[in-house]
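> quick one: sequence plus predicted model below, questions after.
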Amino acid sequence: MNIFATFKSRIDAVIGELAAEGALPAGLDLARVAAEPPREASHGDVTTNAAMVLAKPAGKAPKEIANLLVARLKKVADVTDASVAGPGFINLKLNDEIWRSGLRDVLTTGTSYGDGAPGQHGVINVEYVSANPTGPMHVGHARGAVVGDALARLLAKAGFTVTKEYYINDAGGQVDHVARALRARYLQALGKLSEEDVQGMLQRKEIMYGGDYLVPVAEALKARDGDKWAAATDDKVWIPVLRDFTVAYMMKAVKEDLEALGVHHDVFSSEKALVDAGKVDDALKFLENAGLTYTGVLEPPKGKTPDDWEPRPQLLFKATQFGDEVDRPVKKSDGSWTYFAGDIAYHKDKVDRGFNNLVNIWGADHGGYVKRVQAALKALTAGKGALDVQLCQMVRVLNNGEPVKMSKRAGTFVTLRDLLDEVGKDVVRFIMLTRKNDAPLDFDYAKVMEKSRENPVFYVQYAHARGRSVFRLAKEMFPAADLSDGGLAKADLARLTDPDEIGVLRTIANWPRTVEGAALAHEPHRLAFYMYELASQFHGLWNKGNEETHLRFLQPEDQSVSCARLALVRGVGLVIASGLAVFGVEPVEEMR
RNA sequence: GCGCCCGUAGCUCAAUUGGAUAGAGCAUCUGACUACGAAUCAGAAGGCUGGAGGUUCGAGUCCUUCCGGGCGCGCCA
């Protein structure tokens, strides 16, 4: 039960009554009326802006409306007081019992507390990672993977039906380049080239990928095929073979990395399969029939004409009709499709599979690409499809403040494996979600393992572990008590009276709002801040008991109050566990 | 040059998406351990939200413009 949603509907009902009696105009739009927790706790328990947002449409002063509403709201269930404040806010004070009943909800629903009604928001497709199968996953991919996965879990929790998807860029020039690089490493494995030869080829740009991660791939190819491809001269023959071999090898590695990170996709879509099935041709035919493609010549970008610029007629998509700055090429000069053409086909494919609500998680370096894909989606769906692109900024990897250098070209970059080996899956996942994704993130090996309040993953886990340790002790202290969630739900929660105890219950009551808000905004990181806040309150309460012993959770002489407080401790634990589940992080039973 | 993102306490970041007196942590200062694990907690101090205009009951949030930073800008993906 979402307390704020409950009061939103009660407030709406009061407005409806007043309208029915003629005190307010009928048919007011209540969409902007909100029932929220006030920022300032001293303002009460629930605040509403109703009087202010209705002032203009109702043609009355905010305070006048507020006074009308306050008189009625005082009589609404659970309200102990209502008052007008500031420019027309209405502050409601509630019976503490409402927070206690919120805690009972947590105990009876467990970690599904805060879930939206399944399917209430329809279907949605989240595409993330989509790393090129040309090398191992690095930190940048890891951030996208975690953000996408957490967002998908969050959306599911809020009541979306979610499909998690990965787009494999296994067509086009990059995978051919990898095939050529693999050929060099293969010849090296056969003893026909030296390391110096390979580095020379790299410097002369004869091959584009030089990382030694291709060495084991070459060994594997040699193990399978011997020297079968050593003498092959026709690159139409050997490139497809080596390319497919690399792609398969890399995708296997990528999937293993994702598995180790706890990321699972429902669907893997292959660009090559799309091309082979003729879907790119179909999609472009679709746009052509709609009159949205033409052959034209693009102007060079203003103020920055590339050295080798030459005007060239190309097949273009009329992206400007859908909000993009320029029309975008869909065909290369050699007649093959551009990457964008493939992406048009891919997004059409998603739409054809029934998805009109799409989210893509990309690296920030693809920011310039967003508008054209959104334009394409509008063109493909007659404006009905929605595509939100969440861009992930850089991750700076540090060790005790020292930057760890990354360069994919030189083959030295921080891989996802490095991260996992260094700090573990749960820490990687949590830290990646402690910033909004469009802000750069510092990932410091040393700091994320620190056991201090500065380290949010530790701080939140510590709160959970502390709660568990109370239960271990409680079982010894009250062997006969029913400490199951169901048993605690029956505890006499009226024994929870301290303002800080009620404060924790307030935060717990805010969890469903937080989940829904974060889901609709596509911002999973909000849950990290929520969990930190809840942990902070819990630690505060714990420590208060150090000085005021009557506030300690366990009172050996008073099982009734102990059980009420255990219910609170359990509620905190369940909400934290529920947030960590969205993050794909295991709550710990004890700190080691 | 153009487009997108960003600019909040000395530092790292929040701010319920347009709400009330802009909040946390670190660092600084002051306190609390014969403990429910102090790996923590309580308190103090710290601000012209980059600058200037505008929109309205109300702006860190929206619009315009300038300054500063990041990313990108036709046959890479």
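Arrived safely, thanks for sending.

> what residues does the stretch 451-592 of chain A have near RNA strand B?
By CB under 7 Å from any atom of the strand, the residues of the stretch 451-592 of chain A that approach RNA strand B are A:451-454, A:458-459, A:462, A:465-466, A:469-470, A:473, A:513, A:517, A:521, A:523, A:525-526, A:529, A:532, A:536, A:539-540, A:542-547, A:549, A:551-554, A:590-592. Using the backbone N, CA and C atoms, a C-beta is placed for each residue, glycine as well.

> can you tell me which of those residues are in helices?
In this view, these that belong to helices under DSSP state H are A:458-459, A:462, A:465-466, A:469-470, A:473, A:513, A:517, A:521, A:525-526, A:529, A:532, A:536, A:539-540, A:542-547.

> now these: which count as buried?
Buried residues within those, defined by neighbour count using 16 or more other CB atoms under 10 Å: A:Phe458, A:Tyr459, A:Tyr462, A:Ala465, A:Arg466, A:Val470, A:Arg513, A:His525, A:Arg526, A:Tyr532, A:Trp542, A:Gly545.

> now those residues in JSON lines, with distance to A:Gln559?
Listed next are those as JSON lines, based on distance: CB to CB, whole Å:
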{"residue": "A:Phe458", "distance to A:Gln559": "33"}
{"residue": "A:Tyr459", "distance to A:Gln559": "31"}
{"residue": "A:Tyr462", "distance to A:Gln559": "27"}
{"residue": "A:Ala465", "distance to A:Gln559": "24"}
{"residue": "A:Arg466", "distance to A:Gln559": "21"}
{"residue": "A:Val470", "distance to A:Gln559": "14"}
{"residue": "A:Arg513", "distance to A:Gln559": "34"}
{"residue": "A:His525", "distance to A:Gln559": "41"}
{"residue": "A:Arg526", "distance to A:Gln559": "38"}
{"residue": "A:Tyr532", "distance to A:Gln559": "32"}
{"residue": "A:Trp542", "distance to A:Gln559": "20"}
{"residue": "A:Gly545", "distance to A:Gln559": "17"}
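
> from these, which is closest to RNA strand B?
Comparing those against RNA strand B with CB to the nearest atom of the strand places A:Gly545 closest, at 2.3 Å.

> looking at it, the closest one is touching A:Phe553, isn't it?
Yes. Counting by CB atoms under 8 Å, A:Gly545 touches A:Phe553, with 6.6 Å between them.

> okay, domains of chain A per the record?
A:3-95, A:456-583 (automatic domain parsing).

> can you give me how far the last one is from the chain middle?
Domain A:456-583 sits 25 Å away from the centroid of its parent chain (CA atoms, centre = their mean, to the nearest Å).

> endpoints of it, how far apart?
Taking CA to CA, to the nearest Å, domain A:456-583 runs 13 Å from one end to the other.

> one more: the shortest one?
Across its full length, domain A:3-95 reaches 12 Å between end residues, using CA to CA.

> in the longest helix anywhere in chain A, what counts as buried?
Assignment by DSSP H gives helix A:235-261 as the longest helix of chain A. Of all the residues in helix A:235-261, those buried under the rule 16+ other CB under 10 Å are A:238-239, A:241-243, A:245-247, A:249-251, A:253-254, A:257-258, A:260-261.

> with stretch A:107-115 instead?
By 16+ other CB under 10 Å, the buried positions in stretch A:107-115 come out as A:Leu107, A:Thr109, A:Thr111, A:Tyr113, A:Gly114, A:Asp115.

> element containing the residue lying closest to A:Val76 once chain neighbours are set aside, please.
Distance criterion CB to CB, 6 or more residues apart in numbering; nearest residue to A:Val76, sequence neighbours excluded, is A:Arg10 at 5.3 Å. Under the criterion of DSSP states H and E, A:Arg10 resides in helix A:3-20.

> re the thing from before, winner for burial among the domains of chain A?
domain A:456-583 (a mean of 19; mean count of other CB atoms under 10 Å).

> and A:Phe286, how many neighbours does it have?
As a burial measure, A:Phe286 scores 16 neighbours (other CB atoms under 10 Å).
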